[in-house]
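Novice: one predicted model, sequence on top.
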Amino acid sequence: MAVARFYHLTRDPPEALLPVLIGKALEIGLRVVLRGADAERIAALDRHLWMVDGFLPHAIKGGAQDADQPVLLVADATPLADLPGPAAGCLITLDGAPVSAPEAEAVERMCVVFDGSDEAAVATARQQWRALTGAGLPAEYWSRDSGRWDCKARHPKVD
């Protein structure tokens, strides 16, 4: 079961954080699903990920080799269990894309990335936090207000 890590973006766009999160997951051998809210956004992220330093092998869902992709970009709410190929070890959601407690229980790593300057995105992230923690899942809230990523809250609280 994953700790649901919520990343509140206030300084940089998601395009700056996503390659880091994806790279770390690939380093430890996890298959990644990046779930976005719409096809245009996923297409833009696809182009961006081909331009980053380093190599992040990936594809948009719908291709002949989906089952072989270490990183699969998804623009809909297809449940992880219904995606082709081996089970994903890491789920990253963006732009308010849906997450569920069963999915968090099925992965090793879960990241919810949201834009802190978008009130609707913040409200959605809060609702997702309540839903996941209400289902008994551990969660962390990360912010970069100080210039570095700091964990600002944990559920359940750990002293």
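Specialist: Structure received.
Novice: the residue nearest in space to the middle of the chain: which element?
Specialist: For the chain, the residue nearest the mean C-alpha position is Ile92 (1.4 Å; C-alpha atoms, centre = their mean). Per DSSP states H and E: Ile92 is located in strand 90-94.
Novice: and that strand, how far out from the chain's middle?
Specialist: 2 Å (C-alpha atoms, centre = their mean, to the nearest Å).
Novice: quick check, Leu80 in contact with Ala104.
Specialist: No - in this structure Leu80 lies outside contact range of Ala104 using C-beta atoms under 8 Å: 10.0 Å. To be clear about C-beta, it is placed using only N, CA and C from the backbone, and glycine gets the same treatment.
Novice: mind listing residues that contact the lengthiest helix in the chain?
Specialist: The residue-count maximum for a helix in the chain (DSSP state H) belongs to helix 119-134. With contact meaning C-beta atoms under 8 Å, 6 or more residues apart in numbering, helix 119-134 is reached by 4, 6, 8, 95-96, 99, 101, 104, 112, 114-116, 139, 141, 155.
Novice: surely Ala67 touches Lys61?
Specialist: No - using C-beta under 8 Å, Ala67 is not in contact with Lys61, being 10.7 Å away.
Novice: more neighbours: which of these two?
Specialist: The neighbour count for Ala67 versus Lys61, taken as other C-beta atoms under 10 Å, is higher for Lys61 (19 against 11).
Novice: pretty sure that one sits against Leu73.
Specialist: Yes - with contact defined as C-beta under 8 Å, Lys61 counts as touching Leu73 (6.6 Å).
Novice: how about the helices in the protein?
Specialist: Going by DSSP H, the chain shows helices at 14-27, 39-51, 101-106, 119-134.
Novice: so which elements touch the first one?
Specialist: Looking back up the chat, that one is helix 14-27. strand 4-9, strand 32-35, helix 39-51, strand 90-94, strand 109-115 (3 or more C-beta pairs under 8 Å, 6 or more residues apart in numbering; DSSP states H and E).
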